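Asks: Quick one: sequence and predicted model below, then my questions.
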Amino acid sequence: MRRVTTTVTLNNQQVRAEAPPHYTLLRWLRDLVGAHEVKEGCGEGVCGACTVLVDGRPVSSCCVLAVEVDGAEVCTSRGLLHRDGTLSRLQQCFWEAGAAQCGFCTQGMLITASALLASGAKPSREEIREALRGNLCRCTGYQAIVNAVERAASAPEVPA
Amino acid sequence: MTEVLSPTIPPARFRVVNQPIKRADAREKIAGLTSYAADHELPGMLHAQLIRSLMPSARIIHRDVSRALEVPGVVAVLLGEDVPNNELSSGVPGQQVEIQAFRATSFVLATERVRYHGEPIAMIIASDEDALAEAEARVEIELQELPGVFDPEHALQPDAALVHESGNLLGSWSIDHGDIEAALGDADVVVEGEYATQFVDHAYLEPEAGVAWLDDEGVINIRSSTQVVEHFRDVAKILGLPHAKVRVIAPYLGGGFGGKEDMTVEPYLGLAVHRTGRPVKMVWSRLESLQARFKRHPMRLRYKTAATSDGTILGHDIEILADAGAYPLLSAYVLLYASINATGPYLCRNVRVRARAAYTNNTPCSAMRGFGGMQVVFGYESQMDKVARALSMDPAALRKRNSLAKGDRIPVGQPMLTTVWLSQCIDAAQAAAGPKPAPRDSRHVVGRGLACNIQPYGRAVWLNDSASAWVGFELDGSVVIRCGVTDVGGGQVSALAQIAAEILGVELEQVTVHFGDSARTPLAGTTTATRQLYMSGNATLQAATQLRDQILTGVAEGTGAPRDQLRMEPAGVAMPLGVLPLTEALAMCVRLGQSVQALSTFFGPRGREIGQQLATDRIYPDATFGAHVADVEVDLDTGEVRVLNYAACHDVGRAINPQSVEGQIIGAVAQGIGYALYERVVFQDGFNLTSGFFQYVIPSSQDLPEIKCVVLESGEGLGPFGARGIGEPPIGPCAATIASAVEDAIGVRLTRLPILPEHVVSCLRAPSVQGLPRN
Amino acid sequence: MYVRPFEYSRVTSVAEAAALLRHHGDGARLLAGGQSLLPMINLGLAQPELLIGIGHLPELRGVTRQDGEIIIGACTTYAALAAHEVALAHLSLLVAAIRHVGNVRVRNQGTLGGSVAHADPAAETPLVLCVLDARCEASDGERTRQIPAVDFAQSYYTTALAEGEILSQLRVPLPAAGTGWGFHEYSRRAGDFAIVAAAATVQCRDGAVAEARVGLAGVADTPVRCRALEAAAVGTKVAELDGLVDQIDADLMPKDDPFVSAEYRRHLARVLILRALRDACSRATEVQ
């Protein structure tokens, strides 16, 4: 089987791995690069557990081929952490709001939320719900997550 | 928001417990550091995949795996004959006692017959997923279709195709309390109703998964997403091994909801490791999970309710028929819970319950949050609304009038042993709901509904339930808890840390919990039945209390200070003359030979084994009560129902972590709204057509309203610090609350779930005919 | 699901893609955004030998206005299209429909052309292109031809593209000044595929409809234009539109499926088409 080298900047670090061309970005991240924080929930792009940022845009990593993101910047929830390992403002808000129960949807939620907040806008709760509608959660009923995003929007990150 | 309303026991002041602390496990999950079952990797790890039946009812004519074995990288392809004990017979997961009446038999890999679409027939073990894909295409399985039965009523007819040779009646329960015939005769109104609930799926975000390996001591280790580490016994039995040669480890689960109570990947991983000696991983696809994983029992409920004109419920005559699917699993218990809760949180002096479960060739049904006690809420609360209407009585007043009180007996015979705050829950939910919103235009109508429920917590008493916990101090003053509890996301582990920190006077950050390991942690039983806070919480409370006593006794002896003037605090042991730092206190205890660790077992109440005719004065430890109010807006043209406003109130006894309690309530309501309006597993002649999340619709953030939570604390639960269980109870009232609200909006009661827009449209056109689709 | 391995070719031109398609026949599929194709592959519903990556080709991306038409490259993502000033200025109906498509991830990756070429009869954007009388440009690398959007989808997941042809552009006539638009759909959950969707554009004169274009998705094996309704609408006062709804009956050919009954689809079609028409009339500004 032919193998193709894909190189991305993953959470500010250059990462390179060889894989057959049919590997999705999800499989490439989990099986080859050790980014287990990205989860597989459905394989159809519906649940959002596999959401990552590619060049700043949230995508379903299960519905993107690794070979097609060569050279891109990829960000997962670990990439939101500060360099010293402390939580980003958004992550701190999630923690304080009780927005993670089983935590399986959390990585994808954080990525979608971070993209929503990146523009600096202060979305209403309805707008937050609309933006997050593609990330399914079965534990929280979403409310604590909406609380967390609302709070993070009102007092954005102070650069470390 | 957590309010404390008119408690019978004054609120206590707690330092750690009853505080909305931030959970340590949540931080790790948010940082992306938590390793779930599928995240584990081992050198030389193989991958395993199941081959499943594509037909719901068939004889297995032919199985040929030889071509699959030729694929490079394929290590083994196993059939039922390769399983040392293929017939899996188990009682209740995690129990030490096998109860004859509840023996459930299923197969690890089918050999002669398949009885449901998705039943496992073979397992491929290969070095990588590409070899698995190639091998799967080469496994030859020939099935000969057999007549199947797909409806529980049909299944119980004499000429029905048999799912099992012993007959299609899985089991039945009866309750006879008082004199129902007399009550029906004496009643001023008799209200009849038939209700039907649907198959639903747990739809946890984390599919079933695990990794297993053989360790240096020859023990098969299985690290899987399971609610029950005690399954090591079941795997050992399948493999013909001593129990101690299998170990089950449960990392943090990505959701359970009962779907990971029965074994999922464990028997297959055990078999694969046993066979190959190598590490093996198995992860189920969402397709497998939706098509083949056990579902919630659909139930048909027939009620005849007798009432007098002053609003007294005289009693109910109730029939329950559950579709158990192809194998028994936990059906007998689910049916039991349905039976004993079938009259709800009300005093009913005359009751007849006839409950049956039938085998069909549909997907087997087993545990799911609410466990039978949830389905019947739709029946009894629909009836309460009907009675209220027949008597022109306010539905809330009718419920309060008939509410159980402490000391009252439920129909099976058990008295309520703790206070019942149903009326307070109703008042609080109604107050929190606020004013009913106005519809957006003339083509929409708004209605408000109310429903209440009772849900037991803790296991049925004849199961002689117990849970153990070990609590100890490290010499640096930190605390370690070892407990077999599994954490499905509800903060089961974090609660134990809070309890120990409270008792031992330490900060929460000083507590480490080792959990979910059948070999290394004292067994605490299943994370199911809303039992874990009650059982492992109390075990931890006992162990921590015992440990505190040991420390203070040691310090009293070592310092001469009076024992009763010593207290444990974050800084150390507080004494009349100052504070002895904790490290010194511990060193003192060690010198004196006073142990700095404690192991304790908490035993639930015990009882006699029950018979088919249910009558006992203790069936479960205790119950949780609640009331929900919802406002819905109905689109008169499309039939869409939107939930505008929702308030849920439960008496939780004591909220160990109020934020977790709120999270449980809101999350359960979200699942309940899904059950009411969106979710159903769709079958066609036994073929489960529901293959993805685009078909199995769970609510998204945009489908749910802001949910208002009121948490009452009566302080009278049997759990630690007076807590009651809250995992299951809040899912119960939702469907009935929504149906009640829809009726208020459009004047018609929907009696089948889910309430789809097409059903609403049918009602609006012809109220007497509800346009019901076949299952 | 375990995915059968396939090859991938990142082509440098439409011609190269077309050549690969001709060479591999059914074994090759085009990959634009992958939001329809990759889920199918993940579920084992499609097992190609080769994916031909075209999403990056600059000649297939972008939005321009030219000679009374808006030209949209087939591999323009939903997100890029919905944010483009030209679309926002002139294609409000399309932008509105895109808001109903999936979620932010689908819209970041998924392309307009990918959706049209996939030809799911319940998809929103193919419906809108039919109502806007768009044209689909098909290219085999050498020659191009224009296929009216209304003729492009022939049945479920079947299009008028010949073997070796690639959908390269969507050409949408600039709506006339004063045209109003309406879009309504019902789906189980916001962002899901529509069960039924209705789209309409309308020009009004003297309080009555002067011209209408109306279409439905989810009621047949392709999107349908409701020609009888369109004809009957001319001259109808806005307040009397209800009376026209029977005109769509001949256009409705829904099938029963285990998840949604044909009867409910018919019902929804009538409800949603009226809503779309009324919205279109309220948005229309009078023309002379």
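Replies: Cool, the structure landed.

Asks: Let me see the ranges of the strands in chain A.
Replies: Per DSSP state E, chain A carries strands over the ranges A:4-10, A:13-19, A:51-54, A:57-60, A:73-75.

Asks: can I get the ones you listed in CSV with distance to B:V74 and mean pLDDT?
Replies: (Glycine included, C-beta is placed from N, CA and C.) Listed next are the strands of chain A as CSV, based on distance: least, CB to CB, whole Å; pLDDT from 0 to 100:
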stretch, distance to B:V74, mean pLDDT
strand A:4-10, 25, 98
strand A:13-19, 21, 98
strand A:51-54, 32, 98
strand A:57-60, 31, 97
strand A:73-75, 33, 98
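
Asks: looking at the ones you listed, which is closest to chain C?
Replies: Nearest to chain C among the strands of chain A is strand A:57-60 (4.4 Å), distances taken as CB to the nearest CB.

Asks: Okay, B:A367 and B:T528: tell me how far apart.
Replies: 6 Å (CB to CB, to the nearest Å).

Asks: Give the residues shared as contacts by the two.
Replies: B:G258, B:E261 (CB atoms under 8 Å, 6 or more residues apart in numbering or on different chains).

Asks: So for the two, which residue has more residues nearby?
Replies: Per other CB atoms under 10 Å in any protein chain shown, whichever of B:A367 and B:T528 has more neighbours is B:A367, with 30 against 26.

Asks: Helix, strand or coil: sort out that one for me.
Replies: Following DSSP: H, G, I helix; E, B strand; the rest coil, we place B:A367 in the coil state.

Asks: Closest to the centroid, which residue in the chain?
Replies: This is for chain A. A:I111 (3.2 Å; CA atoms, centre = their mean).

Asks: look at chain C instead
Replies: Centre-nearest of chain C using CA atoms, centre = their mean is C:P126, 1.1 Å out.

Asks: Can you verify that one is assigned to a helix?
Replies: Yes: checked against three-state DSSP, C:P126 lies within a helix.

Asks: Would you check that it makes contact with C:V116?
Replies: Yes: between C:P126 and C:V116 there is a contact under CB atoms under 8 Å: 5.1 Å.

Asks: Tell me who's in contact with the residue in the stretch 301-450 of chain B positioned nearest to chain C.
Replies: Nearest residue of the stretch 301-450 of chain B to chain C, counting by CB to the nearest CB: B:R443, 9.3 Å away. Going by CB under 8 Å, 6+ apart, B:R443 touches B:D635, B:L636, B:D637.

Asks: Repeat the analysis, applying 6 Å as the threshold.
Replies: Contact analysis of B:R443 by CB atoms under 6 Å, 6 or more residues apart in numbering or on different chains lists B:L636, B:D637.

Asks: hang on, the earlier thing: JSON lines for the strands of chain A, including distance to chain C?
Replies: Shown next, in JSON lines, are the strands of chain A (distance: least, CB to the nearest CB, whole Å):
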{"stretch": "strand A:4-10", "distance to chain C": "7"}
{"stretch": "strand A:13-19", "distance to chain C": "11"}
{"stretch": "strand A:51-54", "distance to chain C": "6"}
{"stretch": "strand A:57-60", "distance to chain C": "4"}
{"stretch": "strand A:73-75", "distance to chain C": "13"}
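
Asks: Near A:V4, how many residues? Count them for me, please.
Replies: When neighbours are counted by other CB under 10 Å, A:V4 comes out with 16.

Asks: for it, which residues make a bridge with it?
Replies: A:A19 (DSSP bridges).

Asks: pLDDT weak spots in the stretch 651-775 of chain B?
Replies: In the predicted model of the stretch 651-775 of chain B, residues B:767-775 satisfy pLDDT under 70.

Asks: where along the chain do the helices fall?
Replies: Just going to use chain A. Listed in chain order, the helices of chain A (DSSP state H) span A:25-27, A:89-97, A:106-118, A:125-131, A:143-154.

Asks: wrong one, I was asking about chain C
Replies: Going by DSSP H, chain C shows helices at C:14-24, C:37-42, C:78-83, C:85-90, C:92-98, C:104-109, C:112-118, C:124-131, C:149-152, C:227-233, C:262-283.

Asks: Cool, thanks, signing off.
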